[in-house]
Every structure is written in C-alpha cells, then in structure tokens.
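Chemist: My questions are about this predicted structure, shown below with the sequence.
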Amino acid sequence: MPKPNESPRKRPNTFRRPPRETEAEKTERILANWKPKTKLGEEVRKGTVKNIDEILDSGKKILESEIVDKLLKVRSDLISIGQSKGKFGGGKRRAWRQTQRKTKEGNVPTFSTMAVVGDEKGHVGIGTGQSKETLPARDKAVRKAKLNIFKINRACAAFDCSCSELHSIPFKITGKSGSVKLTLIPAPQGTGLVVANELKKVLKLAGIKDVYSQSFGKKRTTFNLIKACIDALQKTNVGDKKWKQIGNFHSSKLNRSVNLNDSSNKN
Ligand SMILES: [Zn+2]
C-alpha cells in the first residue's frame, strides 16, 4: 500500500540524463580533438591564418570542415528538398528526400538532404549528403556545406534607401540552375525577404535582410531554386576594379538623395 502523502506514480530517483550538449559545446569538443591532415589545417590550428577571407581570396581549397568551425561562427539549417509519403495524401515538405533501391531481399531506402551554413555576415555555403540513415546524411551535408563556403558582397543599393549599412545586395543579379532562373533585387530597409520560404533560410544565413525577387521556370524543384540563389549570390563577387566603380556610384547616389532632400526643404 502506498503512503497517503506520496504519489503512487512517483518513480524512484535513480538516473537522470545529463543535459544534451549544445551546438557550441559540440564544435568546441570537435576542435579540441582535431588533428589537422592538411597544411592549411595545420596553419589554422597554429593560428598563422586568422581570417577566412585570406583563404578564400587566395583560392585555396578548404578540405577540412574544422577550418571553418575554427575561423567562423557558423549556424546551419536544412532545406526541405523531400516530401513525406503515405497516408493523408503525403507530399508534405520534409528535409529528407527518401528514395528506394529494389533488391531481391527487399527495398533498401536511402536518405538525402541539403544543408546550408552561414555566419550571417557575408559567408554562406550549401552541400548535399546521402546515407542509409537520416542523421549521417545530415552530418555529411553540413560538412560539405562548410567546405563549399564562399564570400558574398553586401551593400545598400535600393534607390529609395539612403543608408550605408550592409543590409541588401549591391545590384540586381540573376542566377540560374536547370530551368529555374532567380533574380534578386535590392530593397530598402524594413522590406524583409520577399522570397520563397526555403530561400529565406539561405539569405538569412548569408546576412541579407532586405531583398525583392522574381523567379521563372520550374521553381517547385527546391533543389534547383536554392542552387539558382547560390549562383546569384556568387555573382556579387565582381573584380576589385568593378567593385570600386560600384562604390563610387553608390556614394554619388547618396549625394543625390541628400540634394533632393535639400531642395524639398526649400519648397
Ligand atoms: Zn539601405
């Protein structure tokens, strides 16, 4: 008989699961056990290379994801490239694309997914991973996304915005993948991301806050839509000479808007 003041459902206090490790703790643990295999990794570990832009500008290839972990504070997200199967029609968007191989023994499922990583300050990358289980597929995708990281140029180029913050893109750009064509257009502050929901994940991690967009082709293929977006973002990397010209144009734009304001005050 249980005592009246004690709940009969109470379990004996034997084992408590330790709190789950956070993403920051995980990267810390990985970096502590990291044994670099490449020359670049060795340099990063020692601290000779302190900035990721040095690596990206020199055109060296990153072959260890820990390099990115060490130099940048990246966050990752999964893109819904698959859909659920089964009852109630299925077709709900899901991060895992599930495919099957038919064998004599039965069906062998495979899961693939697409990850995006970024530091919200002008560095992004995407990668895909495939495995027999979902979680290894995610780990592979995140690792590949880190290896594919690249730099983008941000600026304020909206004609009706006169700030000098890096909240949008420097000019109108079009990216393409398969039949999907995506145009990103600079927008003034406070607009937000006027794009498809999956694209918001990419642009947010890239550090772009305001943008308009236009898309053509079979944009239901999320895979191609994301790749078109990455293609467009890569095109913001114009040469130094051109970038200077764009900078001059932007400053002249700012002067003009100031002048316009002055004349309106006189009237
Ligand atoms: Zn602005």
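Modeler: Great, that's in hand.
Chemist: Just to be sure, Leu184 is in a helix?
Modeler: No. Using DSSP: H, G, I helix; E, B strand; the rest coil, the assignment for Leu184 is strand, not a helix.
Chemist: For Lys35, grab the count of nearby residues.
Modeler: 9 (other Cβ atoms under 10 Å). To be clear about C-beta, it is placed using only N, CA and C from the backbone, and glycine gets the same treatment.
Chemist: Sorry, wrong one. I was asking about Lys61.
Modeler: As a burial measure, Lys61 scores 8 neighbours (other Cβ under 10 Å).
Chemist: Name the SS class of the nearest residue to Ala155 once chain neighbours are set aside, please.
Modeler: Spatial nearest neighbour of Ala155, chain neighbours left out: Pro170 (3.8 Å); criterion: Cβ to Cβ, 6 or more residues apart in numbering. Counting by three-state DSSP, the backbone at Pro170 sits in coil.
Chemist: quick one: contacts for the single nearest residue of the stretch 1-150 of the chain relative to the ion?
Modeler: Nearest to the ion in the stretch 1-150 of the chain, going by Cβ to the ion, is Gly122, at a distance of 15.7 Å. Taking Cβ atoms under 8 Å, 6 or more residues apart in numbering, we find Gly122 in contact with Lys151, Ile152, Asn153, Arg154, Leu166, Ala206, Gly207.
Chemist: Okay, and which of the residues you listed map to helices?
Modeler: The members of the contacts of Gly122 that map onto helices under DSSP state H are Ala206.
Chemist: Looking at the contacts of Gly122, point me to the pair that's furthest apart.
Modeler: Lys151 and Leu166 (12.5 Å; Cβ to Cβ).
Chemist: picking up where we left off before, of the contacts of Gly122, which belong to strands?
Modeler: The strands, defined by DSSP state E, take in Lys151 from those.
Chemist: Mind picking the lowest-pLDDT entry from the contacts of Gly122?
Modeler: pLDDT across the contacts of Gly122 is lowest for Leu166, at 85.
Chemist: Now Glu112, what are its backbone angles?
Modeler: Residue 112: Ser, not Glu. Here is the backbone geometry of Ser112 (degrees, to the nearest 10): phi -130, psi 150.
Chemist: about what we covered before: quick one: pLDDT of the residue nearest to Ala155?
Modeler: With respect to pLDDT, Pro170 has a value of 87.
Chemist: Confirm that Lys104 sits in a helix.
Modeler: No. Using three-state DSSP, the assignment for Lys104 is coil, not a helix.
Chemist: And for it, the neighbour number?
Modeler: 4.
Chemist: Please report the distance of it from Phe150.
Modeler: From Lys104 across to Phe150, the span is 44 Å (Cβ to Cβ, to the nearest Å).
Chemist: any low-confidence regions in the stretch 101-250 of the chain?
Modeler: Within the stretch 101-250 of the chain, the ranges that satisfy pLDDT under 70 run 250.
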